[in-house]
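In: Pasting the sequence and the predicted model now:
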Amino acid sequence: MGGDDCVRKYLNSRAIKGPWQISGPAEGGFAGAVVIPALAEGDNLFATLCSLARNPADLLTRFLVLVVVNHRTDAPPEDKADNYGALTRLATGEPALRPLKLAWVDAASQDLELPVKGGGVGMARKIGLDLALTRLDHENADPLLISLDADTLVEPSYLPAISNHFHSTTAGGAVLHFRHQEGCSGRQQQAIERYELFLRSYVLGLELAGSPYAFHTVGSAMGCRASAYARMGGMNGRTAGEDFYFLQQLHRTTGVKQVGGTVVHPSARASHRVPFGTGRSVSRLLALEEGAVLFYRPECFRLLKEWLDLVRSHPAGNGEELRAKAACISSHLGTYLDNVRFEAVWEKLRKNHRDWASLSIAFHCWFDGLKTMKLIHHLSAAPLPRCGPEEALPGLLEWAGAKPVNGLDRQLALLREMQLGKDCPKC
């Protein structure tokens, strides 16, 4: 099925149903869309839009920028008032935003608010992405859908880097480099450094273990082709973690690759809007909550590597044999495999995939990013408890061939340099 047909089928069967529609310019035929959910963002939203407006003019004319102003029916009055102000400012227009092909979705006014049940950032993203599909040019190319947050600043290289990336890869999905903005106080800066270091250490551990899911899952730093979006079933409606599940499914279906040449800059602020993620973690750290952000020990990732190597080196082994060998590596690994019914699953995979190439793909579709994370959690719950970065980072950095350094700021600078490379000149 061609990309255009796939998108048409998706819009007819799986696109979100509701009263929401696009306001602003009525034109279509865009090469891509940047979709931004906004909940009581105040001036942050317009700072983000201004940063987008500094991208090259020729690309700005080809990309729709779609803001989804949203809140649930039970939102605090101050959040609703902020959103009403944002809708007014968007409708009035501001000189600094004139370079943008700017449109918006009202998911905040009466009878347009998100429902209490299921109404959250996932639903807001889905509304925007699904509606944006209807304004793209599906006949002459495979247009792009880009996800951004209303408190995230982008560089003038943002749209050029994304466009160039998709011209040079066949993968349907992409993740962008990120680096959090500076905190507004010393304590907030320490909090965001610790949280970003945690994110980077986890991805480094996955990379060292040989996991195909070794990429960051940040909602403000991802994008995909429209056809890939349709093929993987579109954005999910989760109230938190929607970016993780979206990218995992995207990787399973059309692949995810890293975009180079630009960095996005999410906010370092505290927030209680979702049960986990940047804002909540920063809040817990600022509240001096014990164990707010603890790290996984490098031994967890070494066990993961041994498990993945075992599967890779025994493609002809049956499920019982592999499970027994896994238990020799770690009894806790064996218990986890029992919990996820590995033996039965492996036999089914072997039956349906006779060659290693297809079996490997099928295995990693089953042993996905979520099962990988759950294994790490399982190992951390008993034999290898989570710890502070001063315990976790030295062994991980040594394994990566890097010289261990002390201090959150120096450790973060090193991991940024390792993961961002030339895109992080100030690390």
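Out: That came in fine, so what should we check first? Numbers count the residues shown, from 1 in each chain.
In: How about Lys325, nearest residue that isn't a chain neighbour?
Out: Using CB to CB, 6 or more residues apart in numbering and skipping the chain neighbours, the partner closest in space to Lys325 is Leu310 (5.7 Å). The way it works is simple: take the backbone N, C-alpha and C, and place the C-beta from them, glycine included.
In: Pretty sure the one you found sits against Ala327.
Out: No. Counting by CB atoms under 8 Å, Leu310 does not reach Ala327; the two are 10.9 Å apart.
In: the helices in the stretch 301-427 of the chain, which residues?
Out: 319-329, 331-339, 342-352, 356-366, 369-381, 389-399, 408-420 (DSSP state H, counting those that start in this stretch).
In: what's the answer for the stretch 101-250 of the chain, then?
Out: 121-133, 158-167, 186-209, 226-231, 242-253.
In: following the last one, which helix or strand shows up next?
Out: Looking back up the chat, that one is helix 242-253. Later in the chain than helix 242-253, the nearest helix or strand by DSSP states H and E is strand 256-264.
In: List the beta-bridge partners for Leu114.
Out: Note on Leu114: beta-bridge partners by DSSP bridges are Arg72.
In: How about Ala324: what's its closest non-neighbour residue?
Out: Gly334 (7.9 Å).
In: I meant Leu144, not that one.
Out: Using CB to CB, 6+ apart, the closest residue to Leu144 is Gly32 (3.5 Å).
In: now Ala47
Out: Spatial nearest neighbour of Ala47, chain neighbours left out: Leu153 (6.6 Å); criterion: CB to CB, 6+ apart.
In: Could I get the contacting residues of the one you found?
Out: Ala47, Thr48, Ser51, Gln181, Val264, His265 (CB atoms under 8 Å, 6 or more residues apart in numbering).
In: The second one sits in which helix or strand?
Out: Spelled out, that is Thr48. Per DSSP H and E: helix 43-53 holds Thr48.
In: Asn236 against Gly122, yeah?
Out: Yes. With contact defined as CB under 8 Å, Asn236 reaches Gly122; the gap is 5.5 Å.
In: Could I get the CA-only coordinates of stretch 28-40 as CSV?
Out: Provided in CSV are the C-alpha atoms of stretch 28-40 (Å, rounded to 0.1, in the frame of the first residue of the first chain):
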residue,chain,number,x,y,z
GLY,A,28,-2.7,23.0,2.6
GLY,A,29,-0.2,21.1,0.6
PHE,A,30,2.6,21.4,3.2
ALA,A,31,5.8,19.3,3.1
GLY,A,32,5.5,18.9,6.9
ALA,A,33,4.0,20.0,10.1
VAL,A,34,5.4,20.9,13.5
VAL,A,35,2.8,20.0,16.1
ILE,A,36,2.9,21.7,19.6
PRO,A,37,0.6,20.8,22.4
ALA,A,38,0.2,23.7,24.8
LEU,A,39,-1.3,23.7,28.3
ALA,A,40,-1.1,27.0,30.2
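In: Go through that stretch and flag the buried ones.
Out: Going by neighbour count (16 or more other CB atoms under 10 Å), the buried part of stretch 28-40 is Phe30, Ala31, Gly32, Ala33, Val34, Val35, Ile36, Pro37, Ala38, Leu39, Ala40.
In: can you check stretch 339-356 too?
Out: Buried positions in stretch 339-356, judged by neighbour count with 16+ other CB under 10 Å: Phe342, Glu343, Val345, Trp346, Leu349, Arg350, His353.
In: Go ahead and measure how far the helix or strand Asn12 falls within is from the middle of the chain.
Out: Assessed by DSSP H and E, Asn12 sits inside helix 3-13. Here helix 3-13 is found 24 Å from its chain centre; the criterion is CA atoms, centre = their mean, to the nearest Å.
In: Next, show the common contact partners of Asn236 and Gly122.
Out: By CB under 8 Å, 6+ apart, Asn236 and Gly122 have these common neighbours: Glu242.
In: The two - which one has more neighbours?
Out: Neighbours were counted for Asn236 and for Gly122 using other CB atoms under 10 Å; Gly122 has more, 23 against 17.
In: Could you count how many residues lie near Met235?
Out: 28.
In: which residues does the nearest residue to it once chain neighbours are set aside contact?
Out: Spatial nearest neighbour of Met235, excluding adjacent residues (CB to CB, 6+ apart): Lys126 at 4.0 Å. Lys126 makes contact with Ile16, Gly234, Met235, Asn236, Gly237 under the criterion CB under 8 Å, 6+ apart.
In: taking these as a set, which two sit the farthest apart in space?
Out: Ile16 and Asn236 (10.9 Å; CB to CB).
In: In contact with the nearest residue to Lys257 once chain neighbours are set aside: list those residues for me.
Out: Setting aside the residues directly before and after it, Lys257 is nearest to Ala171 in space (CB to CB, 6+ apart), at 4.2 Å. Listed by CB under 8 Å, 6+ apart, the contact set of Ala171 reads Thr254, Gly255, Val256, Lys257.
In: what do you get if the cut-off is 10 Å, keeping everything else the same?
Out: Residues in contact with Ala171 (CB atoms under 10 Å, 6 or more residues apart in numbering) are His165, Cys224, Arg225, Ala228, Leu250, His251, Thr254, Gly255, Val256, Lys257, Gln258.
In: about what we covered before: just put the helices of the stretch 301-427 of the chain in a markdown table and tack on mean pLDDT.
Out: Formatted as a markdown table, the helices of the stretch 301-427 of the chain follow (pLDDT from 0 to 100):
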| stretch | mean pLDDT |
| --- | --- |
| helix 319-329 | 98 |
| helix 331-339 | 98 |
| helix 342-352 | 97 |
| helix 356-366 | 97 |
| helix 369-381 | 97 |
| helix 389-399 | 96 |
| helix 408-420 | 95 |
